[in-house]
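Undergrad: curious how this folds, go ahead:
(one chain, ligands or ions: 1)
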Amino acid sequence: MVTPIYRAGYKKLSQMIFEWQAADRASLLAIFIVMEITMHWLWCLFVWLRQEALEGYVDMALLYPIWAVITLIGIFFCWMVGHLSHIRDDSKRLHNWQIVLICVYGLYIAVVVLVMGHSSLVSGVSLVGGTMLAMMLVRRRYIWYAFLIQVYLIVLMAILPYLGVTLPSMRQLNIPSLPLGTYSYQTYSEMTSIENAIEATIFQDGTLSWDSINEIRRSSVFFWRVTHMYLALPKAIFMVYIFSTLLLILDNSKKQIVQHANHDELTGLKNRRCGLTKMRQTLAKLTKSQDYTVILLDLDLFKDINDNYGHDVGDHVLKEVADILTDKLTETDIVSRYGGEEFLIVLPDIAHDLAMAIAEQLRCDIATHVFQIDHNLRFKITASLGLYTLTHVERACIRQRYAAIKSKETVATSSLPKLPTIKSRKSKRASIPVSELRYAQLPSDICQRLIRVADKALYEAKDRGRNQVVSANEMTVTKDSIGQLYSSQKTSGQKTDA
Ligand SMILES: Nc1nc2c(ncn2[C@@H]2O[C@H](COP(=O)(O)OP(=O)(O)OP(=O)(O)O)[C@@H](O)[C@H]2O)c(=O)[nH]1
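TA: The predicted model follows:
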């Protein structure tokens, strides 16, 4: 369902804008420009209505041509809003009109800065806010060029008066202590100095009276400062909006990227990579007395489901099995999709007997679950599970062996002639006592080795007729493979490091 733009919340609106086509985004920029120009137009109207009071601050002779220019440019951008939507499918024309939009707007802002004077506040907010806003809506390269050109124009306008060039300016210098109508082009810093001087004159006797306040109000400095704030306000709002939108979009895309990188699209479970990473992390965090269980769960004869009912039904089954596993296991357990119809379950801090009970429960839950695809199609499936519990005693033993291999390796390395000036990482390691290494390190491929042992138990479960749980800890054949797990550290330990 399409949400009307006026009903969309802030978050939704930001998303919608970024999903829009280039033409619509450029139109939106033109709308923002029209809004800004409208504010300038209203300022002219205000000055015209209050001309008697403001005559001393504003050069009225310039007001009318400027007002006319503002009106014409406003009409041009109103036309542009519609025109950009009409040429949405012609990308070349669209890009050309984007350049026109940016050039006209850039020139317009330069004229506004010229005739209304400039303060660092207005220039800064205008440049940065406007540029950021525009960069999100039209081609970034064009905006970057326009930004640079505007910076040069503003610098030029600031320098020209010092070179004796009188530029048109609507600002009239009206200081109560000077004759009314005294006119001079003022830069922002000059204005600030004059303002300080005025304040010093007004408050020289140290008292604040209504007369003093009225004098400040009658000062042209006050009027122009308020004007600049009025002109800067919409852009300041845009800037905050753009920053928060940017952050929102960044947050969302980061979440999406992390979600895509770590999760299986079909089941929503962690994917193999993320499952292994979590496994490694939990293994490293175990305390000395904690056991650690790894389960491989494989759906039985899953190929038949695909062959008989189609891949979609197979996908549906995988999703439901994933839901069963997530429902039955706790937050601390790690469930991931390890392969096609194979799931890896890690139960940190779960001893063997309890792990067997949990695995048996999972098997029962799957075997008794009725997969209801539609009114005519209902079936049940089973799963086989291979389990292996690495007890804390075995873990300590592996660490011990690994530390022994490492220290042997260190001794071998330290017996080699050493270069006196370079401290190698190995020589650093030689200074760590073996007793410390013992509880600090496990071979980095320990996870794969544990999974391999659980996989042997899974194969055994399949061999024994499927729909059952087999523990590698209880298998005589696998006792050998656990033996292999320890003894093979000798060879692997030389290449691996925790
Ligand atoms: N629908 C669907 N099928 C998948 C997906 N991933 C793997 N498979 C299928 O899973 C089936 C696995 O078949 P096999 O490895 O022969 O195993 P099996 O039929 O379950 O038999 P046993 O494991 O021996 O009980 C293959 O047909 C794959 O195409 C998937 O994401 N969706």
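
Undergrad: and the helix or strand that contains Leu107, how far from the chain's centre?
TA: Element membership for Leu107 (DSSP states H and E) is helix 91-116. Here helix 91-116 is found 31 Å from its chain centre; the criterion is Cα atoms, centre = their mean, to the nearest Å.

Undergrad: would Ser289 count as being in a helix?
TA: No - assessed with DSSP: H, G, I helix; E, B strand; the rest coil, Ser289 is coil; it does not lie in a helix.

Undergrad: the nearest residue to it once chain neighbours are set aside: neighbour count?
TA: The shortest distance from Ser289 to any non-neighbouring residue, by Cβ to Cβ, 6 or more residues apart in numbering, is to His392 (5.2 Å). For every residue, glycine as well, the C-beta is placed using N, CA and C. His392 is flanked by 16 other residues according to other Cβ atoms under 10 Å.

Undergrad: pretty sure Gln51 sits against Ala61.
TA: No - checked against Cβ atoms under 8 Å, the pair Gln51 and Ala61 is beyond contact range at 11.5 Å.

Undergrad: between these two, point out the one with more neighbours.
TA: A direct count of neighbours by other Cβ under 10 Å for Gln51 and Ala61 places Gln51 higher, at 12 against 9.

Undergrad: buried sites along the host helix or strand of Met35?
TA: For Met35, the host element (DSSP H and E) is helix 22-49. Neighbour-count burial for helix 22-49 flags 22-30, 32-34, 36-37, 40-41, 43-44, 47 (criterion: 16 or more other Cβ atoms under 10 Å).

Undergrad: ditto for stretch 269-289
TA: Quick answer for stretch 269-289 (16+ other Cβ under 10 Å): 269-271, 274-280, 282-283, 286.

Undergrad: so which of those are in helices?
TA: 274-280, 282-283 (DSSP state H).

Undergrad: which of these sits closest to the ligand?
TA: Distance ranking of these against the ligand, using Cβ to the nearest ligand atom, places Gly275 first at 15.8 Å.

Undergrad: you'd agree the closest one is up against Gly339?
TA: No - Gly275 lies out of contact with Gly339 (Cβ under 8 Å); the separation is 10.8 Å.

Undergrad: can you show me the strands along the stretch 301-450 of the chain?
TA: 334-337, 342-348, 371-372, 378-379, 383-390 (DSSP state E, counting those that start in this stretch).

Undergrad: most packed of these?
TA: strand 383-390 (a mean of 27; mean count of other Cβ atoms under 10 Å).

Undergrad: mean confidence for that one?
TA: The average of the pLDDT scores along strand 383-390 is 96.

Undergrad: next: stretch 52-72.
TA: Across stretch 52-72, the average pLDDT comes to 89.

Undergrad: how does this structure divide into domains?
TA: 10-259, 272-493 (automatic domain parsing).

Undergrad: quick one: closest of these to the ligand.
TA: Comparing those by Cβ to the nearest ligand atom, domain 272-493 comes nearest, at 2.5 Å.

Undergrad: top helix in this protein by residue count?
TA: helix 220-262.

Undergrad: orientation of that helix relative to helix 272-285 in degrees?
TA: Angle of helix 220-262 versus helix 272-285, following axes from the mean of the first three to the mean of the last three Cα atoms, to 10 degrees, is 90 degrees.

Undergrad: what parts of the stretch 201-350 of the chain come near the ligand?
TA: 266, 298-303, 306, 311, 314-315, 318, 340-341 (Cβ under 6 Å from any ligand atom).

Undergrad: for the residue most central in space within the chain, give its distance to Gln468.
TA: The centroid of the chain falls nearest to Leu250 when counting by Cα atoms, centre = their mean (2.6 Å). With distances taken as Cβ to Cβ, to the nearest Å, Leu250 is found 49 Å from Gln468.

Undergrad: can you check Leu246 too?
TA: To Gln468, Leu246 is 55 Å away according to Cβ to Cβ.

Undergrad: more neighbours, those two?
TA: The residue with more neighbours, out of Leu246 and Gln468, is Gln468; 19 against 14, by other Cβ under 10 Å.

Undergrad: and the longest helix of the chain, what does it pack onto?
TA: Using 3 or more Cβ pairs under 8 Å, 6 or more residues apart in numbering; DSSP states H and E as the contact test, the elements touching helix 220-262 are helix 10-19, helix 22-49, helix 91-116, helix 120-137, helix 188-202, helix 272-285.

Undergrad: could I get the ones you listed as CSV with mean pLDDT?
TA: Listed next are these as CSV, based on pLDDT from 0 to 100:
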stretch, mean pLDDT
helix 10-19, 67
helix 22-49, 90
helix 91-116, 85
helix 120-137, 73
helix 188-202, 66
helix 272-285, 92
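
Undergrad: of all those, which one is nearest His352?
TA: helix 272-285 (16.3 Å; Cβ to Cβ).

Undergrad: check which strands are paired with the helix or strand that the closest one is followed by and give the direction for each one.
TA: Following helix 272-285 in sequence order, the next helix or strand is strand 292-299 (DSSP H and E). Strand 292-299 pairs in its sheet with strand 342-348 (antiparallel), strand 383-390 (antiparallel), by DSSP bridges.

Undergrad: TSV for those strands, including distance to Ile242?
TA: TSV is the format used below for those (distance: least, Cβ to Cβ, whole Å):
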stretch	distance to Ile242
strand 342-348	44
strand 383-390	52
